[in-house]
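**Q** 3D model of this:
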Amino acid sequence: MEKEGKIYVAGHRGMVGSAIVRELNRQGYNNIITRTHSELDLTDQRSVREFFDEERPEYVFLAAAKVGGIEANRRHPADFMWENMMLEMNVINAAWKSGVKKLQFLGSSCIYPRLAPQPMPESCLLTSSLESTNEAYALAKISGLKYCEYLRRQYGADFISVMPTNLYGPNDNYHPLHSHVLPAMIRRFHEAKIAGDKKVTCWGDGSPLREFLYVDDLANLCVYLMNTYSGEETVNAGTGKELSIKELAETVKKVTGFEGEIEWDTTKPNGTPRKLLNVDKATSLGWKYSVELEEGVKLAYEDFLNNPMRAER
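**A** This next block holds a predicted model:
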């Protein structure tokens with residue numbers, strides 16, 4: 001990407017999009033355009049096409065998405081599928097038709113099968129069944145990356161995809177029902193500490209294994225790939241390290257200073273038993289993460305404390 005190139009970051013107010021904007025600014029990319037949802041509804045095809053026709057961005061980071069945790073995905077699968085499918089197809093199609101030089105689609109590791117080989121290589125996509133609790137979201141994300149792949153194959157479009165592992169960090173969503181596991185724990189343990197509670201209840205039995213990547217590390221990879229990678233296959237983004245949800249809870253307990261006990265509600269679902277990405281491709285391209293988990297949780301907790309309104313999302 002040229003430093004003066006016009007860059008559109010879709011979803012700039014979210015955790016991933018805001019991190020990409022920070023990284024672009026840090027590296028000297030200042031010709032960045034953004035739109036809030038009230039300014040541009042990405043599910044409205046006509047509005048999206050008009051935006052691309054008027055603004056003519058040269059590069060696009062597609063980080064916009066409707067996201068949520070297990071409970072939100074379980075309750076609203078139709079909403080998750082429709083909104084994500086619509087906004088992805090609208091942006092990718094308009095970018096291609098308007099002659100965008102390069103587009104990067106941001107997906108999720110939930111696209112891979114529930115019982116995929118571990119660590120999960122990019123090649124295991126569509127080899128067996130998905131995890132049922134977030135199948136709708138996963139199918140939408142698979143459609144987005146496949147559309148990018150097909151546009152490349154049929155028309156030569158330089159559209160690439162990145163599949164991050166579980167993310168956390170500044171500007172995360174701490175809603176009690178619609179957040180992912182790590183920010184949900186940060187809020188839960190913090191509120192228990194403030195209330196003087198003697199225990200915190202977490203879902204499942206704590207056995208599932210998960211991988212977590214600090215969002216600023218992802219943003220660094222995203223910009224790096226826009227300058228170095230043009231392959232058809234997606235690129236996994238992660239640390240290559242995993243820990244149990246129980247270990248994660250202990251880490252959050254330590255960082256937040258909660259002194260009570262942790263109780264596990266085994267009537268609630270665990271989700272996928274293990275999710276570890278194979279990050280050999282990203283490593284072979286010359287990239288590696290820099291923020292270790294406990295350091296990242298401290299940074300995320302500081303962000304939570306400094307931005308109390310985020311807890312209301």
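**Q** Please make it C-alpha for all contacts and neighbour counts, starting now.
**A** OK.
**Q** before we move on, which element is S128 in?
**A** S128 is located outside every helix and strand, with elements delineated by DSSP states H and E.
**Q** Across the sheet, point out what pairs with P164.
**A** P164 forms beta bridges with A237, as assigned by DSSP bridges.
**Q** Count the residues that sit near it.
**A** 23 (other C-alpha atoms under 10 Å).
**Q** Point out where the protein drops to low pLDDT.
**A** The model of the chain has pLDDT under 70 over residues 69, 177-178, 308-313.
**Q** what's the neighbour count on R49?
**A** The burial count for R49: 18, using other C-alpha under 10 Å.
**Q** ah, wrong one, I meant A136
**A** So A136, with other C-alpha under 10 Å, has 24 neighbours.
**Q** so what's it up against?
**A** Neighbouring residues of A136 by C-alpha atoms under 8 Å, 6 or more residues apart in numbering: N73, P77, A78, F80, M81.
**Q** Then A78?
**A** A136.
**Q** related to what we said a few turns ago, export the contacts of A136 to a markdown table and tack on distance to E242 and secondary structure?
**A** Shown next, in a markdown table, are the contacts of A136 (distance: C-alpha to C-alpha, whole Å; DSSP: H, G, I helix; E, B strand; the rest coil):
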| residue | distance to E242 | secondary structure |
| --- | --- | --- |
| N73 | 23 | helix |
| P77 | 28 | helix |
| A78 | 31 | helix |
| F80 | 27 | helix |
| M81 | 28 | helix |
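**Q** Out of those, who's the most crowded?
**A** Busiest of the contacts of A136 [other C-alpha under 10 Å] is F80, holding 24 neighbours.
**Q** which residue packs closest to that residue, ignoring adjacent ones?
**A** For F80, ignoring the flanking residues on the chain, the nearest one in space by C-alpha to C-alpha, 6 or more residues apart in numbering is Y137 at 5.5 Å.
**Q** What strand or helix carries the one you found?
**A** helix 135-155.
**Q** got the residue ranges for the helices in the stretch 151-300 of the chain?
**A** 181-195, 215-228, 245-256, 280-284, 293-306 (DSSP state H, counting those that start in this stretch).
**Q** M86: which of those helices is closest?
**A** helix 215-228 (22.8 Å; C-alpha to C-alpha).
**Q** Tell me which residues are up against that closest one.
**A** With C-alpha under 8 Å, 6+ apart, helix 215-228 has contacts from 1, 15-16, 19-20, 23-24, 102, 104, 162, 164, 167-170, 237-238, 285, 287, 289-291.
**Q** Next, the angle helix 293-306 makes with it.
**A** If you take axes from the mean of the first three to the mean of the last three C-alpha atoms, to 10 degrees, helix 215-228 sits at 110 degrees to helix 293-306.
**Q** Please identify the buried residues of helix 215-228?
**A** V215, D216, D217, L218, A219, N220, L221, C222, V223, L225, M226 (16 or more other C-alpha atoms under 10 Å).
**Q** Just the C-alpha atoms of it, please, in PDB.
**A** In PDB, the C-alpha atoms belonging to helix 215-228 read as follows (Å, rounded to 0.1, in the frame of the first residue of the first chain):
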ATOM      1  CA  VAL A 215      -6.000  -7.100  19.000                       C
ATOM      2  CA  ASP A 216      -3.100  -4.700  18.300                       C
ATOM      3  CA  ASP A 217      -1.000  -7.700  17.300                       C
ATOM      4  CA  LEU A 218      -3.800  -8.700  14.800                       C
ATOM      5  CA  ALA A 219      -3.800  -5.200  13.400                       C
ATOM      6  CA  ASN A 220      -0.100  -5.300  12.900                       C
ATOM      7  CA  LEU A 221      -0.500  -8.600  10.900                       C
ATOM      8  CA  CYS A 222      -3.400  -7.100   8.900                       C
ATOM      9  CA  VAL A 223      -1.300  -4.200   7.600                       C
ATOM     10  CA  TYR A 224       1.700  -6.500   7.100                       C
ATOM     11  CA  LEU A 225      -0.300  -8.900   4.900                       C
ATOM     12  CA  MET A 226      -1.700  -6.000   2.800                       C
ATOM     13  CA  ASN A 227       1.800  -5.200   1.900                       C
ATOM     14  CA  THR A 228       3.300  -8.700   1.600                       C
END
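**Q** re the thing from before, can you add distance to T127 and give the contacts of A136 back as a markdown table?
**A** Supplementary listing: the contacts of A136 in a markdown table, determined by distance: C-alpha to C-alpha, whole Å:
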| residue | distance to T127 |
| --- | --- |
| N73 | 22 |
| P77 | 22 |
| A78 | 24 |
| F80 | 23 |
| M81 | 21 |
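**Q** and which of these is nearest to V255?
**A** Distances from V255 to these, taken by C-alpha to C-alpha, are shortest for N73, at 28.1 Å.
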